[in-house]
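> Sequence first, predicted model second:
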Amino acid sequence: MDSATKPAVLMVYFSYTHQTEKVMEAMAEVLRDRGCETTLARIEFTDPRYEKRFKQFPMPKPFLEVVAMIPAELRHRPAQIGIPDVVTEREYDFVFIGSPTWWLSTDIPIRSFLESDAATKVLNGKPFTGAVCCRRYWKHNLNTVRRMGTKRGGDFVDGIHFRYQGGQVRSLFSLLSFLGSGEYKERYHGVKIPPTNLQDYHLDEAREFASALGNRLVPASSSE
């Protein structure tokens, strides 16, 4: 299969802790092995109102920084973002949208992308899917990606989510511990916490999902 006949796949995502990035990279590898020409495009969060919060990792005050983003999430207004040139410099056959959940819904950078002219250019008339990384809540995020992408002319195809371990409270403690230290710890302020972020089985699920989509893009007979 030469480059002229390979399906072109775009994978747009935002990732602060690199969890969504891991998912996208795992799926991209599978699709490349299946014969797709895959392009990764990480959205940059450049809005001066919030940029400082995401310039360094770990966060010096993770609880305060996380809570401070609630008003911005509730307003549902687009923010300044950086969109890589690869997003619009060519036409793609299929688009992945990687979206971590922020306070029950789609993170601000991806929401802002989905309200941009660039999203219309790349999604109009094209099939797309969503991949959500989250502590607990994924449905509203994935539904928002589907709704906003469809509004831009895209055709939503399936979707997948990856939910971290632990209940509502302990998973939050795990996340705050990781955001504040950059390390995986067993306790947070004396409370035993579960592992946070993606586990190996999540990445296996991502690869299986990508393989199934790859079957649609590259039938077995044409990849041989």
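Good, I have the coordinates.

> Could you pull up the contacting residues of residue 72?
Residue 72 is in contact with 49-50, 79, 108, counting by C-beta atoms under 8 Å, 6 or more residues apart in numbering. C-beta coordinates here come from the backbone N, C-alpha and C atoms, glycine included.

> Residue 116 touches residue 83, doesn't it?
Yes: using C-beta atoms under 8 Å, residue 116 is in contact with residue 83, at 6.8 Å.

> Please enumerate the strands of this protein.
8-13, 37-42, 44-45, 81-82, 94-102, 105-106, 127-134, 155-156, 160-163, 187-188, 191-192 (DSSP state E).

> who wins for proximity to residue 172 among those?
strand 187-188 (9.3 Å; C-beta to C-beta).

> Which elements pack onto the closest one?
Contacts defined by 3 or more C-beta pairs under 8 Å, 6 or more residues apart in numbering; DSSP states H and E place strand 187-188 against helix 168-181.

> just the angle between the helix it packs on and strand 127-134, please?
90 degrees (axes from the mean of the first three to the mean of the last three C-alpha atoms, to 10 degrees).

> Which positions within stretch 39-59 qualify as buried?
For stretch 39-59, burial by neighbour count (16 or more other C-beta atoms under 10 Å) applies to 39-43, 45, 47, 50, 53-54, 59.

> Between its first and last residues, how far does that stretch reach?
With C-alpha to C-alpha, to the nearest Å as the measure, stretch 39-59 spans 30 Å from end to end.

> could we number from 53 for the rest of this?
With 53 as the first residue, the last one maps to stretch 91-111.

> taking the mean pLDDT, what do you get for that stretch?
Average pLDDT, stretch 91-111: 92.

> For it, which outside residues touch it?
By C-beta under 8 Å, 6+ apart, stretch 91-111 touches 60-69, 73, 76-77, 80, 117, 120-121, 124, 131-136, 138-139, 144, 160-162, 164-165, 230-234.

> 7 Å instead, please
Stretch 91-111 is contacted from outside by 62-68, 73, 76, 80, 117, 124, 131-136, 138-139, 161-162, 165, 231-234, using C-beta atoms under 7 Å, 6 or more residues apart in numbering.

> Stretch 253-266 now?
Under the criterion C-beta under 7 Å, 6+ apart, residues 74-75, 78-79, 82-83, 86, 88, 181, 212, 214 lie in contact with stretch 253-266.

> Rebuild the residues you listed as a markdown table, extending it with distance to residue 174 and neighbour count.
Listed next are these as a markdown table, based on distance: C-beta to C-beta, whole Å; neighbours: other C-beta atoms under 10 Å:
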| residue | distance to residue 174 | neighbour count |
| --- | --- | --- |
| 74 | 23 | 19 |
| 75 | 20 | 29 |
| 78 | 22 | 18 |
| 79 | 17 | 28 |
| 82 | 21 | 19 |
| 83 | 17 | 23 |
| 86 | 21 | 21 |
| 88 | 16 | 23 |
| 181 | 13 | 25 |
| 212 | 20 | 22 |
| 214 | 24 | 23 |
